[in-house]
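Engineer: this one's structure only:
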């Protein structure tokens, strides 16, 4: 008979073997990996999205959340050079940059240096590269007779279809110039409501006429039988299979930037007709859900409640990583892949993450390859040096995470309604009042308190990276700042008080009425999160003894007050559609005033000198003459101060060391094809960072075993007594 001690020792040995076996197995894999183990070495980029894209149709989509997907799928004629700034357009699907010609009112060719007054039309000829093919898609599939296979689905066929992947046969075809013409027609298709339709009607010859014709023919927005191939657009012509021309009214050099947006990506008519079938629309199988493009990736999974997945387009044409960049790019390894075929990544997985903290934790574990920095994680990741520059904390440095910062092509500002009898107007009194407020409103402090230092105080209309932006002493706003020992410094508050007194408001009192000056700021900001910010606004005005009254309202009421000119002061902002100074200065162009013309000039600024100079500047090519005109425009708006120039937000991005070729490019929306992932390095690091700590389990098991020994011994004694 085996003794009690032997039994206990045997059980103890078994327990030890179990604990160490568990520890040994843990060294081979991690327990918290959210992805399939089989994908550990796959070349996949892992990122996230927080909001479902509403549109994936390139004629309709118009925000960053949507462009992060369709920018990888669709290919307009032009793109931005990935490495070079200021932002530079280069060919994408065209063989060369568009050939531009000027024509008079009779359609006769003019010289390239023709006066603006002579130019009635500008004509762009685009020559696309042969051999570019669409991604595999059932819309192109044909039967043995050459008939499209899935364009007349019956009820029986539809009963078997639930997803685009349920179609058994996919095919492709070459992209042609006719597809570009077809897409431009779609901008005025009454069924889809393109956000740039009205703007393009103003420029593209014949687009307004086509719009009216389509409305009359369609007989309603839901008419699915509208075949755009049967309609002519006079200003857009396919010369042959690989050439097409676009004729626009007058000179509009900025039109080339629109040619780098998905709005002008080619669209195969087969896809539109395929998706117009009512049976597919009922199943949400539409162009807005399943895009069809020629780009490096295609959407293979669209589940906005969980994840969206892009995979390589097997038909993607040849394209190569840039071979030239800026001065520091080679030293930073950004040219290591020069002339290599792209894309480098096989798949991109976007997981839904609505909360910032779970995303941040997964990034630190290596399960996301890149991350922004939310306010919740800012202190964990960023510290500021004695010189005020942002640096990574030691924790992130130990993980070989690196930081990239870039100033966005946008501006936030406080607007003065120039129609207002107090803060508006163009006389010296009103100019000085606005100037005094601009000095007192300390945006450097605002950026530090409310933006975690993620911003640059604006010196004028243009952010860095836009042609005409001047840096250093030449670029400061001399009415608000001084250049002191190589640095820009806001003028002292005492100077603001002196300027306010010169404006007729000594000590914050109106010298005419003797009453305290009270100003009104309209805002839609409400709730506890906005309270500190609004209180800070009041303190800025209080520094020069001006009483600020905050008038909070809902968005619809605020919009109504803006359109009618009843808001005295307000917070506003602008994000550039394209990297040209015209896209900022037009915000103060008189004919673009909001009240009179329903334009984007929210402050209703009207200065004939500014308007004349702006109209001349916008048609110039970048060069010394245009640069000088831009500086004159900056001087006018700095002097008149229709805006309290606020700040240009600064984007902070974090990347793991296995994430290669990362360089901020705020204009390029197709940058995923340039990114390279070292999947083997990532696999090793993930294993090192995520080893489970199972020793507490071993201790718990041992403690439990020890606690059971007395009970076991008591049980054995009882059994022995019964046996006797």
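Structural biologist: All right, it came through fine. Everything quoted here is computed from the prediction, not taken from an experiment.

Engineer: going forward, measure contacts and count neighbours with C-alpha atoms only.
Structural biologist: Noted.

Engineer: What segments of the stretch 201-350 of the chain are helices?
Structural biologist: Under the criterion DSSP state H, counting those that start in this stretch, helices of the stretch 201-350 of the chain are mapped to 207-218, 255-258, 269-275, 278-282.

Engineer: go on, the stretch 1-150 of the chain?
Structural biologist: Using DSSP H, counting those that start in this stretch, helices in the stretch 1-150 of the chain cover 4-26, 64-73.

Engineer: other SSEs contacting the last one?
Structural biologist: With contacts defined as 3 or more C-alpha pairs under 8 Å, 6 or more residues apart in numbering; DSSP states H and E, helix 64-73 has these neighbours: strand 297-303.

Engineer: Direction included, what does the strand it packs on pair up with?
Structural biologist: Strand 297-303 pairs in its sheet with strand 307-312 (antiparallel), by DSSP bridges.

Engineer: quick one: the strand it pairs with to helix 64-73, angle?
Structural biologist: Angle of strand 307-312 versus helix 64-73, following axes from the mean of the first three to the mean of the last three C-alpha atoms, to 10 degrees, is 20 degrees.

Engineer: ok, of the helices of the stretch 1-150 of the chain, where does mean pLDDT dip lowest?
Structural biologist: Ranked by mean pLDDT, those bottom out at helix 4-26, with a mean of 55.

Engineer: how close does residue 615 get to residue 300?
Structural biologist: 47 Å (C-alpha to C-alpha, to the nearest Å).

Engineer: Over to residue 534?
Structural biologist: 46 Å.

Engineer: now the closest residue in space to residue 423 that isn't next to it in sequence, what's its secondary structure?
Structural biologist: Take residue 423 and drop its neighbours on the chain: the residue closest to it by C-alpha to C-alpha, 6 or more residues apart in numbering is residue 430, 5.8 Å away. Here residue 430 is helix, with the state taken from DSSP: H, G, I helix; E, B strand; the rest coil.

Engineer: quick one: low-confidence parts of the protein?
Structural biologist: Scanning the chain for pLDDT under 70 picks out the ranges 1-29, 218-225, 386-388, 693-706, 708, 711-712, 715-716, 722-724.

Engineer: can we see that at 80?
Structural biologist: 1-30, 218-225, 385-389, 526-529, 692-724 (pLDDT under 80).

Engineer: domain parsing for it?
Structural biologist: 4-27+691-723, 42-69+294-400+658-690, 70-289, 414-651 (automatic domain parsing).

Engineer: counting contacts, what elements does the strand ranked longest in the chain pack onto?
Structural biologist: Using DSSP state E, we find that the single longest strand of the chain is strand 643-655. Counting contacts by 3+ C-alpha pairs under 8 Å, 6+ apart, strand 643-655 packs against strand 370-371, strand 402-407, strand 410-416, helix 428-440, helix 443-450, strand 455-457.

Engineer: Redo these as JSON lines? Include distance to residue 625.
Structural biologist: Listed next are these as JSON lines, based on distance: least, C-alpha to C-alpha, whole Å:
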{"stretch": "strand 370-371", "distance to residue 625": "41"}
{"stretch": "strand 402-407", "distance to residue 625": "26"}
{"stretch": "strand 410-416", "distance to residue 625": "24"}
{"stretch": "helix 428-440", "distance to residue 625": "29"}
{"stretch": "helix 443-450", "distance to residue 625": "32"}
{"stretch": "strand 455-457", "distance to residue 625": "27"}
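
Engineer: Tell me which of the ones you listed sits nearest to residue 355.
Structural biologist: Nearest to residue 355 among the helices and strands packed on strand 643-655 is strand 370-371 (12.9 Å), distances taken as C-alpha to C-alpha.

Engineer: which residues touch residue 554?
Structural biologist: By C-alpha atoms under 8 Å, 6 or more residues apart in numbering, the contact set of residue 554 is residue 524.

Engineer: can we see that at 10 Å?
Structural biologist: By C-alpha atoms under 10 Å, 6 or more residues apart in numbering, the contact set of residue 554 is 523-526.

Engineer: ok so, going back, partners of the longest strand of the chain, with directions?
Structural biologist: Partners of strand 643-655, by DSSP bridges, with direction: strand 370-371 (antiparallel), strand 402-407 (antiparallel), strand 410-416 (antiparallel), strand 455-457 (antiparallel).

Engineer: In TSV: the helices and strands packed on strand 643-655, plus distance to residue 594 and mean neighbour count.
Structural biologist: Conversion of the helices and strands packed on strand 643-655 to TSV gives the following (distance: least, C-alpha to C-alpha, whole Å; neighbours: other C-alpha atoms under 10 Å):
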stretch	distance to residue 594	mean neighbour count
strand 370-371	38	21
strand 402-407	28	17
strand 410-416	13	22
helix 428-440	20	22
helix 443-450	26	16
strand 455-457	26	21
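
Engineer: closest to residue 663 out of the ones you listed?
Structural biologist: Of those, nearest to residue 663 by C-alpha to C-alpha is strand 402-407, at 7.7 Å.

Engineer: can you give me how far the closest one is from the chain middle?
Structural biologist: Remark: strand 402-407 is offset 15 Å from the chain centroid, using C-alpha atoms, centre = their mean, to the nearest Å.

Engineer: what's the answer for stretch 112-123, then?
Structural biologist: 35 Å.

Engineer: can I assume residue 629 is in contact with residue 619?
Structural biologist: No. Contact criterion C-alpha atoms under 10 Å: residue 629 and residue 619 do not qualify, at 11.4 Å.

Engineer: Buried residues in stretch 467-481, which are they?
Structural biologist: Under the neighbour-count criterion of 16 or more other C-alpha atoms under 10 Å, stretch 467-481 has 467-470, 475-481 buried.

Engineer: what's the span of that stretch from first residue to last?
Structural biologist: 22 Å.

Engineer: And for stretch 56-75?
Structural biologist: Across stretch 56-75, first to last residue, C-alpha to C-alpha, it's 13 Å.

Engineer: Mind putting the domains of the chain into CSV with distance to residue 36?
Structural biologist: Output for the domains of the chain, formatted as CSV (distance: least, C-alpha to C-alpha, whole Å):
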stretch, distance to residue 36
domain 4-27+691-723, 17
domain 42-69+294-400+658-690, 10
domain 70-289, 21
domain 414-651, 32
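
Engineer: which stretch among the ones you listed comes nearest residue 35?
Structural biologist: domain 42-69+294-400+658-690 (8.4 Å).

Engineer: The closest one spans what distance, first to last residue?
Structural biologist: With C-alpha to C-alpha, one end of domain 42-69+294-400+658-690 sits 18 Å from the other.

Engineer: What of stretch 450-461?
Structural biologist: Stretch 450-461 has an end-to-end distance of 22 Å (criterion: C-alpha to C-alpha).

Engineer: can you give me the offset of that stretch from its chain's centre?
Structural biologist: Counting by C-alpha atoms, centre = their mean, stretch 450-461 comes out at 18 Å from the chain centroid.

Engineer: One more: stretch 80-94?
Structural biologist: Distance, centroid of stretch 80-94 to centroid of chain: 17 Å (C-alpha atoms, centre = their mean).

Engineer: i'd like the first residue to be 50 from this point on
Structural biologist: Sure, I'll start counting at 50 from here, so that last one is stretch 129-143.

Engineer: Show me which residues of it are buried.
Structural biologist: 129-133, 136, 138-143.

Engineer: Is it possible to get TSV of those that adds distance to residue 107?
Structural biologist: Formatted as TSV, the buried residues of stretch 129-143 follow (distance: C-alpha to C-alpha, whole Å):
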residue	distance to residue 107
129	18
130	21
131	21
132	25
133	26
136	22
138	20
139	20
140	19
141	16
142	16
143	18
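
Engineer: re earlier: residue 83 is nearest to which of the domains of the chain?
Structural biologist: Closest among those, once you apply C-alpha to C-alpha, is domain 91-118+343-449+707-739, at 7.7 Å.

Engineer: what about that closest one, distance to the chain center?
Structural biologist: Distance, centroid of domain 91-118+343-449+707-739 to centroid of chain: 13 Å (C-alpha atoms, centre = their mean).

Engineer: do stretch 653-667 as well
Structural biologist: 30 Å.

Engineer: What segments of the stretch 250-399 of the chain are strands?
Structural biologist: Assigned by DSSP state E, counting those that start in this stretch, the strands in the stretch 250-399 of the chain fall at 285-289, 292-298, 346-352, 356-361, 396-401.

Engineer: Appreciated, that's everything.
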